[in-house]
Structure formats: structure tokens, C-alpha cells
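Colleague: Below are the sequence and a predicted model; questions follow.
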Amino acid sequence: MKGRIKLISQLAILGLAAFYFLFLPACKPGDSFLEKDGWTINTDGKKETLSISHEKLNLVVGDVRLALKDDRDFYFPSDWKIKSNDETLIISARKPLNVTWKFEPGPGRLDISSSADNAFLQGIAPAPENRIPARLESQDNGIMYTSLEFVSARNIHCLFDRETDTMIRFPGQSRLTRNAGDKKLMEISIPVAEGDEISLTADYYLTELGLKYYQPRPKRFKTAPAGWCSWYSYYMGTTEKDMVAETDAVAKYLRDYGMDTIQLDACFTLGEDANYLEWTKKTFPQGGQWLFGYIKSKGLKPGLWVNIYGSNYVKAETADKYPEDFYLRDENGNLSPACCTGDKTEVRLDYTNPEVIEKHLKPMFRILKDGWGLTYLKDAGWGTWMDYYEKNKARSFNPAKDSREVYVEAQKALRETLGDEIFINGCAMHEVGLCFDIFDGSRTGGDDRAVWTAERKRGMSMQTYFHSLFGANYLNNITWFSDPDTVMVRSPLTLDEATTIVTAIALTGQLYMASDFMGQLPENRLDLYRKTIPTTPIVPIDLYPYRIEANKRDSVVWCCPQVKEFPRAIDLKVNAVSEDYDVVAVFNWGDKEEVKTIDLAEDLGLEPDRDYLIFDFWRQKSEGIARGKIESSIPAHGTSVYIVRPVAERPQLLATSRHITGTVSIKKLDWDGVKATLIGVSETVAGEPYSVFIHVPDGMKISKIDADLEILSREIADNVLEIKFAGFPGTAGLHTIDWTITF
């Protein structure tokens with residue numbers, strides 16, 4: 001045999017899901033099937049197609065035709081003759097020449113070989129929301145790939161099944177292209193060449209990446225929140241007055257753009273007379289319930305930091321005083337301050353006592369949710385409760401319990417109490433994934449600060465943020481929404497540095513909490529937030545920890561990754577109402593201005609023989625048409641963001657002024673070739689001018705522009721039309737513009 005493909009499965013055969021047949025139990029004349037070692041190959045002799053299934057995944061590839069390729073194109077030999085036994089299935093296609101394909105299942109593998117060296121398999125692979133395009137660490141080229149909706153690219157050869165934690169690997173020369181009629185399907189062309197492999201890796205996150213608690217992300221929320229956090233602006237000095245001022249500023253400047261949550265961090269339980277329900281009188285005289293009501297009155301959602309593993313010893317939250325066996329003590333009988341609360345009045349609880357859950361945790365959070373209106377919880381503590389318990393469990397209520405078991409029991413009770421409508425954001429406990437399926441999001445690293453670099457190695461700075469963001473992006477929207485810590489854009493960060501910060505989080509779709517003095521930011525820095533919120537349902541394509549240093553302890557994945565080298569760029573691949581394109585952020589991590597080059601084919605997996613329209617998003621300027629490479633001179637610590645679209649032989653949308661992904665404002669986009677009309681519907685923010693940028697091919701002229709909102713200007717230069725619409729007057733909120741351009 002001249003060509004060979006090996007389908008190697010690392011799936012454990014025992015204990016797999018019940019077999020699912022995707023074919024009729026009785027074969028028609030000329031049909032045959034082979035069932036062995038978890039694989040099923042089913043042939044349809046009449047249609048001359050076959051399908052490959054696996055008991056864990058169901059259909060892997062269907063409607064498979066056997067193809068040969070000559071100098072011009074593919075052709076499909078016919079007149080099949082099918083033979084099968086318990087070990088092999090052989091198909092001989094006898095017209096126009098006799099070529100055979102042989103399928104040989106074995107334990108954990110499926111060998112496919114052909115008598116021809118120009119043989120291919122062509123078929124359809126299911127690729128819905130839970131079976132996503134993926135790249136492996138071996139494909140790392142310094143560019144971080146992410147996706148928005150149903151995308152494909154020339155250099156993406158894997159599909160990852162999120163529900164079963166299974167990686168499907170096709171040979172490197174395979175082509176997976178979205179089906180034009182059904183985006184949840186991939187058209188696949190697989191070469192049968194010597195040395196190529198197709199493999200299934202079971203338990204990919206669980207075993208290959210070492211996440212022993214793997215669970216796919218629960219579907220409670222489609223996107224991560226975007227909000228404001230008090231900590232890095234006011235720290236422990238936060239007051240009611242501060243919270244009112246920031247709530248007012250967010251409502252005025254950013255609410256309609258998508259910043260919808262106001263979260264108070266630790267500071268409100270200082271002193272013996274304060275607890276999680278009765279706040280420090282000096283700084284919060286009207287209390288937490290009043291503040292939550294004020295936040296809601298501004299059309300925003302109240303959020304709160306709580307270390308659920310602590311409680312006020314003197315003034316209990318849900319009783320006059322808790323029994324002594326509600327608290328953990330050390331070998332000398334001393335109480336211990338709970339992590340991060342600011343003073344010693346909040347002490348560690350003993351969750352091995354089930355009464356702590358029933359008489360403290362559940363009633364307290366029922367009040368916060370049902371009585372106050374809590375919508376977002378920052379579930380704090382950093383896992384330090386587990387460390388303390390392990391050292392002092394001999395004095396606990398039930399010392400036989402494991403620290404991780406107790407930790408998770410409390411979190412499960414919390415989720416049960418809060419239900420599915422409250423977003424719970426965990427806070428960097430030791431093992432990554434200890435609360436998968438319970439947390440909606442989680443901190444993935446240490447605290448950051450509004451400076452570019454720290455004064456000492458690994459001190460707090462925005463470098464901490466980047467380590468967390470890049471190092472844990474492979475978890476985002478796969479197991480939970482990753483939280484790299486807060487975004488900040490204020491001085492002493494330069495405008496270029498601030499642009500890099502917001503770009504990185506917007507093109508990864510991670511949890512987006514800001515912590516600036518919002519009422520004091522200049523317009524150009526507020527605009528950075530406006531153009532990067534709300535978050536969008538971005539999913540990583542690169543499903544591996546990006547270039548991190550060792551992050552395991554005793555084979556367990558640990559929090560707070562350190563990245564050896566940040567990526568040269570992020571490539572967000574988009575398939576949306578706004579069409580198919582790439583949004584490419586090119587970074588300069590250096591301390592001086594540098595020229596950076598991106599190869600469209602090698603770096604981004606685009607077609608090497610196509611022309612692409614290039615639009616600079618942050619400069620709101622067309623860079624013309626490129627084939628091959630993009631070069632840009634980028635200032636120190638800065639970023640250039642390009643929207644890259646394949647050139648079409650008709651007018652096409654290039655970009656909008658609204659959002660970096662190009663998707664948020666476009667609700668409808670159609671080209672009527674008969675009437676030569678581009679039809680669009682855009683959602684815009686009241687009072688905010690809005691622009692669309694349209695590429696007009698040579699030889700076409702604009703006949704008429706219609707819109708149901710005032711057009712402030714229309715300018716065309718270098719084949720790019722910018723139409724600038726006035727903002728809707730008066731009322732707040734979002735409004736739609738219907739617009740048409742006739743050529």
C-alpha cells in the first residue's frame with residue numbers, strides 16, 4: 001500500500017457511553033459495515049459513501065467519498081466493490097481505474113490505506129457549538145488564535161468536542177472548511193499520505209493538560225460580564241460616597257456601551273460591629289441594601305466580594321451569636337482571620353460542621369440575593385482556608401474530612417442557594433478547576449496594578465494581568481470564563497499601553513472588570529472602554545497553556561501562570577452577521593518603537609493567493625489592499641489592530657466605529673445583487689455618532705444613500721466610503737439605524 005492514515009484513539013474502551021448507531025440496522029444490498037474497538041465504519045453502496053463513527057463521539061466524518069486528485073482537480077472513482085470481515089473493510093473503486101481503500105480497526109486505532117498515492121477522503125464533519133476548531137501546542141507560531149462563532153482556516157486541522165473532552169486530530173494537510181449551507185458542518189478533505197495520522201485523544205484537558213477536575217463550562221451565561229470593581233481605585237478606603245460617584249459615572253458614560261455591573265470589593269466589614277450584612281457605619285452609613293438599591297436605580301447590577309469561609313466572630317450575620325463549633329481554631333485554641341478581609345474581625349469558619357452551611361451560608365445568601373438583589377458574586381479567599389484547615393483539622397468539628405471535599409461542599413451549597421441567575425466568580429484557589437461547573441468564572445492569577453511594569457520582579461503590575469490573560473486563555477469559555485484581574489487605562493499608563501490592555505481582553509472574550517476613576521478619565525481613555533465592551537462569546541482556538549513556565553505541583557495544575565514570552569499577535573477569526581474576516585492585534589512588547597510584520601498565510605492561515613482589505617481599527621483608517629504581509633510601525637508597548645477581509649467583487653462592509661470585533665453593532669447585512677444595494681441595520685448608542693466604512697470596488701459609483709437617521713457626512717477616498725450618522729438625540733439606551741447604499 002502506498003498511502004496510509006492511522007486513526008489512533010487514546011480512549012479507554014471500558015466504561016464508554018453506549019454505542020450510538022448512525023445507520024440502519026439492516027444493510028441494503030451492496031452495503032456493509034465494520035464495528036470493532038469502539039469504531040464503526042458504515043458504507044452506503046448505492047450512494048458510494050461511507051461514514052466513520054465512534055461510540056464516544058457518535059459521527060466523526062460522514063458522507064465520505066473516496067477521491068483522487070490530478071493536476072487539475074479531484075475526481076471520484078465509482079463502481080464500488082465492498083468486502084468486510086471481523087477485522088477489515090476493503091473498498092475497491094473500479095472506474096475509471098481500479099483503486100482500493102482498506103480500513104483496519106484495532107485497539108485504539110483505525111488504519112486507512114490506499115493503493116494510490118494521490119488518494120483522499122472527502123466528507124462532512126459535524127462541528128456545532130460544542131465541537132470547535134482547535135490548534136495544539138505543536139502548532140504554536142507565536143500568534144494566539146481565538147474565534148467568534150463558526151470559523152475555519154487553512155491551518156486549523158483539529159476539532160475539540162467540549163462535552164466529551166475529546167480532541168479529533170486530522171492530518172496537517174487536511175482542509176476543514178465551513179459548509180456554506182450549514183455553518184455547523186465542516187467540509188473536510190483528508191490526504192491519504194505516508195506518515196499522516198488522524199487521532200482521537202480522549203480526556204484531553206483531563207489527562208493531556210492535567211486538569212483532573214475537567215467539566216465543560218455550564219451554560220448559565222453566554223458571555224462574561226463587563227463591569228467596574230472598586231478595589232484598584234479605592235482599596236480598603238472605599239466609601240459609600242465613592243460607590244455612588246462611580247455608579248453615576250458608569251451609568252452616564254459606559255452603561256449603554258455594555259458595562260453593566262458595579263462590584264464592591266473588601267472594605268465594608270471593618271470593625272467588630274460590622275459583618276457581611278451590617279456594613280461599617282462610618283464609611284457606609286446607609287448600608288448594603290441601600291447601596292444595592294441605588295445601583296439598580298441607575299440600570300446597573302450590584303455585585304459584591306465575599307469570603308464565604310469567614311464570618312464576624314462578635315457579630316454574626318444570621319444569629320445573635322454563632323456556637324463556638326462554627327469556627328476553626330489553631331492548636332492553642334486561637335481564632336484565625338479569614339483571608340483578605342482587612343482586619344481580624346472576620347475569622348475562619350469550620351465548614352466540616354454542616355450547621356455552618358445550613359444556619360449561616362444559606363440564610364445569608366438568601367438575604368443578599370432575594371432581599372438585596374445581588375447579581376454578581378466575587379467568591380474570594382484564594383484557597384487559604386484549605387491550607388489552614390490542613391494544619392489545624394485536629395481541632396475541627398469533623399477532622400476526618402478532606403480539605404478539598406469541604407471546600408467544594410460549601411461552594412455547591414452556595415450555588416444551590418444562589419441558583420443559575422447569579423454569576424459566581426471564583427478567586428484563584430490552588431488547583432485550577434477545583435470548582436469547575438460551580439463557578440461561572442474564576443481569577444486565574446495574582447493581583448495587578450495600574451503600572452506597566454513592577455519595581456521588583458513579579459510585583460504587582462499589568463504584566464501580572466498579561467501573564468494571567470495569555471497563560472489561562474485556553475480555559476476561557478471552555479471550562480469557565482477566565483478572569484485575569486481588572487483592566488485599568490489611567491495614568492501613569494500611557495495611551496499606547498492602555499490600548500494594548502483593552503485590546504487583549506476584548507479579543508479573547510475573558511471576564512472584563514475595570515477599576516478606574518470613571519468620572520475622571522479623559523475622553524480618549526473612556527473611548528478605549530467604549531470600543532471594547534460589551535464582551536462577546538469568543539472561544540479560544542489554541543487549546544493549550546500558552547508558553548508558560550512549569551505550573552504544576554505534584555502533577556496538579558496550579559493557579560497564577562507565568563508566560564515565558566507573550567504572543568506576537570492575537571488573531572480573532574469571525575463568522576457573524578458582519579461576514580467572515582479576521583481581527584488581528586499586532587503587539588510591540590519592546591521598550592522602543594519597532595516595525596512588526598504579519599504574514600497573512602503563514603501567521604494567520606489565510607489564503608496565500610488572495611487579496612485582502614486591511615482596515616486599521618484604532619486609527620479608523622483603511623490601509624488598502626494587501627497580499628502576503630502586513631507591516632506596521634508600532635510604538636513601545638503599543639498595539640495595531642487590523643480588520644482583514646478577503647476582497648469581494650462587490651461593495652462590502654469594512655468596519656464600524658463602534659466595537660473592535662466589528663460584530664456588536666451590525667444586526668443585519670445583505671447584498672442585493674439585482675438592485676446593486678447594500679442593506680444594513682446597525683444598533684447604536686444614543687447621542688453617539690456612528691460610522692460605517694464600505695469598500696467600493698473600482699468601476700462602481702454610489703447612486704443613493706438612505707437612512708432613518710441624519711447623516712452627518714459621507715466621504716469617499718481610496719475606494720473607501722465613510723458614512724457618519726448622528727447620534728439619536730435625547731433618550732438614553734440603544735437604537736437601530738436602517739441604512740441602504742445603492743450603487
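Modeller: Cool, the structure landed.
Colleague: Buried residues, stretch 336-354. List them.
Modeller: Across stretch 336-354, burial judged by 16 or more other CB atoms under 10 Å covers 336, 338-342, 345-353. Using the backbone N, CA and C atoms, a C-beta is placed for each residue, glycine as well.
Colleague: just curious, which of those residues is nearest to residue 149?
Modeller: Comparing the buried residues of stretch 336-354 against residue 149 with CB to CB picks out residue 340 as the nearest, at 38.3 Å.
Colleague: For that closest one, give me its contacts.
Modeller: Contacts for residue 340 (CB atoms under 8 Å, 6 or more residues apart in numbering) come out as 266, 307, 380-382.
Colleague: Residue 298: which of those residues is nearest?
Modeller: Once CB to CB is applied, the member of those that ends up nearest residue 298 is residue 266, at 22.8 Å.
Colleague: can you point me to the longest helix in this structure?
Modeller: helix 403-418 (DSSP state H).
Colleague: Whichever helix or strand comes after that one vs helix 403-418, what angle?
Modeller: Toward the C-terminus, helix 403-418 is succeeded by strand 423-427 as the next helix or strand (DSSP states H and E). Going by axes from the mean of the first three to the mean of the last three CA atoms, to 10 degrees, strand 423-427 is angled at 160 degrees with respect to helix 403-418.
Colleague: Who are the packing partners of the helix or strand following strand 423-427?
Modeller: Next in sequence after strand 423-427, counting helices and strands by DSSP H and E, comes strand 441-443. When contacts are defined as 3 or more CB pairs under 8 Å, 6 or more residues apart in numbering; DSSP states H and E, strand 441-443 sits against strand 423-427, strand 481-483.
Colleague: what about those, which gets the closest to residue 105?
Modeller: Closest to residue 105 of the helices and strands packed on strand 441-443, according to CB to CB: strand 481-483, at 38.7 Å.
Colleague: pLDDT (mean, whole number) over the closest one?
Modeller: Regarding strand 481-483, the rounded mean pLDDT is 98.
Colleague: Neighbouring strands - and their directions - for it?
Modeller: strand 441-443 (parallel) (DSSP bridges).
Colleague: Show which residues not belonging to the strand it pairs with make contact with it.
Modeller: Residues contacting strand 441-443 (CB under 8 Å, 6+ apart): 224-225, 423-429, 435, 468, 480-485, 511, 559.
Colleague: Figure out how far that strand is from the centre of its chain.
Modeller: 12 Å (CA atoms, centre = their mean, to the nearest Å).
Colleague: same question, stretch 446-462
Modeller: On CA atoms, centre = their mean, the centre of stretch 446-462 falls 24 Å from that of its chain.
Colleague: one step back: out of the helices and strands packed on strand 441-443, which one sits most buried?
Modeller: Burial of the helices and strands packed on strand 441-443 is given as mean neighbour count (mean count of other CB atoms under 10 Å); strand 481-483 ranks first at a mean of 27.
Colleague: Keeping just the C-alphas, turn stretch 553-572 into PDB.
Modeller: The C-alpha trace of stretch 553-572 is given here as PDB (Å, rounded to 0.1, in the frame of the first residue of the first chain):
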ATOM      1  CA  ARG A 553       2.700  20.900  41.700                       C
ATOM      2  CA  ASP A 554       2.600  17.100  42.300                       C
ATOM      3  CA  SER A 555       1.100  16.800  38.800                       C
ATOM      4  CA  VAL A 556      -1.800  19.200  39.700                       C
ATOM      5  CA  VAL A 557      -2.300  22.300  37.600                       C
ATOM      6  CA  TRP A 558      -1.700  25.400  39.800                       C
ATOM      7  CA  CYS A 559      -3.100  28.900  39.600                       C
ATOM      8  CA  CYS A 560      -1.200  32.000  38.500                       C
ATOM      9  CA  PRO A 561       0.600  31.000  35.300                       C
ATOM     10  CA  GLN A 562       3.800  32.800  34.200                       C
ATOM     11  CA  VAL A 563       4.300  33.100  30.500                       C
ATOM     12  CA  LYS A 564       7.800  32.900  29.100                       C
ATOM     13  CA  GLU A 565       7.000  35.100  26.100                       C
ATOM     14  CA  PHE A 566       3.900  37.000  25.200                       C
ATOM     15  CA  PRO A 567       2.300  36.400  21.700                       C
ATOM     16  CA  ARG A 568       3.300  38.500  18.800                       C
ATOM     17  CA  ALA A 569      -0.400  38.900  17.900                       C
ATOM     18  CA  ILE A 570      -3.900  37.800  18.600                       C
ATOM     19  CA  ASP A 571      -5.900  36.600  15.600                       C
ATOM     20  CA  LEU A 572      -9.700  36.600  16.200                       C
END
